[in-house]
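*Asks:* this one's structure only:
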C-alpha cells in the first residue's frame, strides 16, 4: 500500500515536471516569436492587421459632433511625396480637408489606412481634399510603403514644425477642417472612417 502511494506521488511529480517544461517551452516559443517580429520589423504589420479586425467591428468611429470647435491653422509646412513641391495647408483653404498624421512604424496607422483609402476613393473631389502627412524620418520608407500598397491618396511630408494646433503626441491623429477654417472633427488614435455616417458628414459642408 505504501509502495503504491509512493509510486503515485512520484508519477504526479513527473507529470508536474513535464507540464512545467511544456509551459516553459511554450513561453520560450512565444517570446522568441515576438523577439523575431520586433527584430525584423514585422511586428508593425502583424499588430496592424490584428487592430484592423477591431476596426471592422465598427466600434471605433470618429467624433463628428465636437462641443468646442477650434480654428484650424493653414501654416502647416508640407513637402510633396516626390519632394519637388513645398506648400502649406493654405493650398486647400476654403475646402473640406481630411488631415491625417501617420507613420509606417505605427501599427494603428497601418490598421486604419485601408478604410481611409476606401473613403478617399469614394468621396474625394475638388471640394474634399485629403492630406495624408507622413511622420517618417525616412521618406523613402514611406514612399515604398505607399507604392507597395497601391494607395493613391495624396501623401506629404512635414517640411518644418507643426503649428501648435496639431501638436498631438498620438499617432495617428486625424482632423477634419471645414471650408470656414474650423476643426469640426478630431480623432486621436485609429478609427474606421469609411462609414455612411462619416461620408455624409464630409459632404455636409
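*Replies:* Yep, that arrived. Please read all numbers here as calculations on a predicted model, not as lab measurements. Numbers count the residues shown, from 1 in each chain.

*Asks:* By mean pLDDT, which helix or strand of this protein comes out lowest?
*Replies:* Every helix and strand in the chain was compared by mean pLDDT, DSSP states H and E; the lowest is helix 2-40, with a mean of 51.

*Asks:* how's this structure carved up into domains?
*Replies:* Per automatic domain parsing, the structural domains of the chain span 2-40, 56-202.

*Asks:* residues in contact with the residue positioned nearest the centre of the chain?
*Replies:* Nearest residue to the geometric centre of the chain (CA atoms, centre = their mean): residue 109, 1.4 Å. Listed by CB atoms under 8 Å, 6 or more residues apart in numbering, the contact set of residue 109 reads 48, 102, 103, 171, 172, 190. In this view, the C-beta of every residue, glycine as well, is placed from N, C-alpha and C.

*Asks:* can you do 10 Å?
*Replies:* Going by CB atoms under 10 Å, 6 or more residues apart in numbering, residue 109 touches 44, 48, 51, 100-103, 116, 132, 134-135, 145, 171-173, 190.

*Asks:* quick one: which of those is most hemmed in?
*Replies:* Among the contacts of residue 109, the one with the most neighbours (other CB atoms under 10 Å) is residue 190, at 29 neighbours.

*Asks:* Okay, strands next: where are they in the chain?
*Replies:* Counting by DSSP state E, the chain has strands at residues 70-71, 77-80, 86-88, 96-102, 128-134, 155-158, 173-177, 182-188.

*Asks:* Same list as before, these that is, but in TSV and with distance to residue 194 and mean pLDDT included.
*Replies:* Shown next, in TSV, are these (distance: least, CB to CB, whole Å; pLDDT from 0 to 100):
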stretch	distance to residue 194	mean pLDDT
strand 70-71	26	94
strand 77-80	24	98
strand 86-88	27	98
strand 96-102	12	98
strand 128-134	13	98
strand 155-158	18	98
strand 173-177	13	97
strand 182-188	14	96
